[in-house]
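1. Need coordinates for the below:
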Amino acid sequence: MCQCLAVEGQTRSRPVAFKRIAVDTSKAVFTVHGIDEADRAVLRRDLSRARFEAFVASIEPTEFVLEASGGAHHWGRVLEAHGHRVRLIPPQYVKPFVRRGKNDRADAQAICEAAGRPGMSVVPVRSLERQAQAMVLRVRERLVLQRTQLINSLRGHATEFGIVVARGCSRIPELMERLRGDEGVPAAAVREMERLQRCIEVLDGKISTLDRELAEAAKVHEVARRLTGVPGIGPIGAMTLVLTLETAQFESGRHLAAWLGLVPREHSSGGKQRLGRISKAGNTRIRQLLVLGATAAIRHTRPGSQSASPWLLALLERKPRKLAAIALANKMARVVWAMMERGTAYRPHAAMA
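-> This is a model prediction of the structure:
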């Protein structure tokens, strides 16, 4: 497609045919890197936010490529509204293409080169509604993190006065009771630690409210309700999978498990296969939830139980429990993909055979 380019007040009289335009986004400056059909760079510019919006509105529909980072979904929706084709590439797939002397223009060029590779994975652009619904998950994660920080701070201060209790949120009342009953702890220290305790209680209430909302949403959402039938997946895990996972971008359940990093990292060479620890790629939160769910399922697995999987029992006999949890999480990821992609219900015997 031929089009005249007007950028930063300058107009090129020579028509430009864009094959692809890569954009390195930021809060204020947008670096664009455009190539023609011969993969030659024909556009390298730094644009302000307002000029970038005017630029995308002034050219004919073409392919835009961005990193799937902060604000990428917003700009993806803006570009699609102007008729452009949008591809969002995970940052970890762009990094290998960055050359020496990293800067914004080198990043934009790396995005463009990564997009030209066949089979490059992309992230679908989220709709406004889906992005808004997923916010509850991030808000909950932030509140849990803040609560953990406060608990660690409280435990650290108590340790300075020689008072230590077992880990866990449920141990905080015991810790405070021991602090108040110890005459060797100054009243000023107890007062400040009570201030931390009140903050923790406030966060507890907010997190409990979000948990109830997610549980209610999981009951209403048809896919989430089916996912909660999988051992180890609760309402929070089901809603996280539904709101953050796009199964259409994966060819199979094995592809999803590999993307989540639930497969060994390979260090093979010279015809010898060497497998190490799991790669831990992809969405960290989903991987964490699946591993935690698998650990909980293993904890309740008993020989002789009718609900116990023969596959899992045999695995536990020859492998450590932590390794078995990773293997079970891998299988759970494949089961989740099949259920979400095909709209089927959980079948225990077929899933854990």
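2. got the contact list for the residue nearest to the spatial centre of the chain?
-> Among the residues of the chain, N283 comes closest to the average C-alpha position under CA atoms, centre = their mean, at 3.5 Å. Taking CB atoms under 8 Å, 6 or more residues apart in numbering as the definition of contact, the neighbours of N283 are 244-245, 259-260. Just so you know, the C-beta spots here come from the backbone N, C-alpha and C atoms, and that holds for glycine as well.
3. ok, now A296?
-> Applying CB under 8 Å, 6+ apart, one finds that A296 lies in contact with G232.
4. where's it relative to E251, distance?
-> Separation of A296 from E251 (CB to CB, to the nearest Å) stands at 29 Å.
5. okay but V190 is in contact with R178, surely?
-> No: in this structure V190 lies outside contact range of R178 using CB atoms under 8 Å: 10.6 Å.
6. G343: neighbouring residues, count only.
-> G343: 10 surrounding residues under other CB atoms under 10 Å.
7. who touches stretch 26-40?
-> Outside stretch 26-40, the residues touching it (CB under 8 Å, 6+ apart) are 16-24, 41-49, 52, 55, 71, 104-105, 107-109, 111-112, 116.
8. can you give me the strands for this structure?
-> 2-3, 6-7, 10-11, 16-17, 20-24, 29-35, 41-48, 63-67, 85-89, 264-266, 275-278 (DSSP state E).
9. nearest to P303, of the contacts of N283?
-> When the contacts of N283 are compared for distance to P303 (CB to CB), L260 wins out at 29.4 Å.
10. Does the closest one touch G282 like I think?
-> Yes: between L260 and G282 there is a contact under CB under 8 Å: 4.4 Å.
11. which ones are touching the residue lying closest to A110 once chain neighbours are set aside?
-> Closest residue in space to A110, ignoring its immediate chain neighbours: F97 at 3.9 Å, by CB to CB, 6 or more residues apart in numbering. Each residue near F97 by CB under 8 Å, 6+ apart is listed here: 109-111, 113-114.
12. Tell me who's in contact with P303.
-> Contacts of P303 (CB under 8 Å, 6+ apart): L313.
13. give me that answer again for 10 Å
-> Listed by CB atoms under 10 Å, 6 or more residues apart in numbering, the contact set of P303 reads 313, 316-317.
14. so what pLDDT did it get?
-> Reading off the confidence values, P303 has pLDDT 81.
15. May I have stretch 64-72 as CSV, with CA atoms only?
-> Provided in CSV are the C-alpha atoms of stretch 64-72 (Å, rounded to 0.1, in the frame of the first residue of the first chain):
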residue,chain,number,x,y,z
PHE,A,64,1.4,-2.4,13.9
VAL,A,65,3.5,-4.4,16.3
LEU,A,66,4.0,-3.6,20.0
GLU,A,67,5.4,-5.3,23.1
ALA,A,68,2.7,-6.7,25.4
SER,A,69,3.7,-4.4,28.2
GLY,A,70,2.0,-1.6,30.2
GLY,A,71,-0.6,0.3,28.1
ALA,A,72,-0.2,-2.1,25.1
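16. Show me which residues of it are buried.
-> By 16 or more other CB atoms under 10 Å, the buried positions in stretch 64-72 come out as 64-68, 72.
17. tell me the average confidence for that stretch?
-> This predicted structure assigns stretch 64-72 an average pLDDT of 93.
18. related to what we said a few turns ago, ok, of the contacts of stretch 26-40, which come out buried?
-> When burial is judged by neighbour count using 16+ other CB under 10 Å, the buried members of the contacts of stretch 26-40 are 18-24, 42-43, 45-47, 52, 55, 105, 107-109, 111-112.
19. and E67, what are its bridge partners?
-> Following DSSP bridges, E67 is listed with bridge partners I89.
20. Now do the same contact list for it.
-> E67 makes contacts with 22-25, 88-95, 107-108, 110-111, 114, 123, as judged by CB under 10 Å, 6+ apart.
21. Next, work out how far apart it and G83 are.
-> Remark: distance between E67 and G83 (CB to CB) = 22 Å.
22. Just the buried residues of stretch 191-198, please?
-> So for stretch 191-198, counting by 16+ other CB under 10 Å, buried means 193, 196-197.
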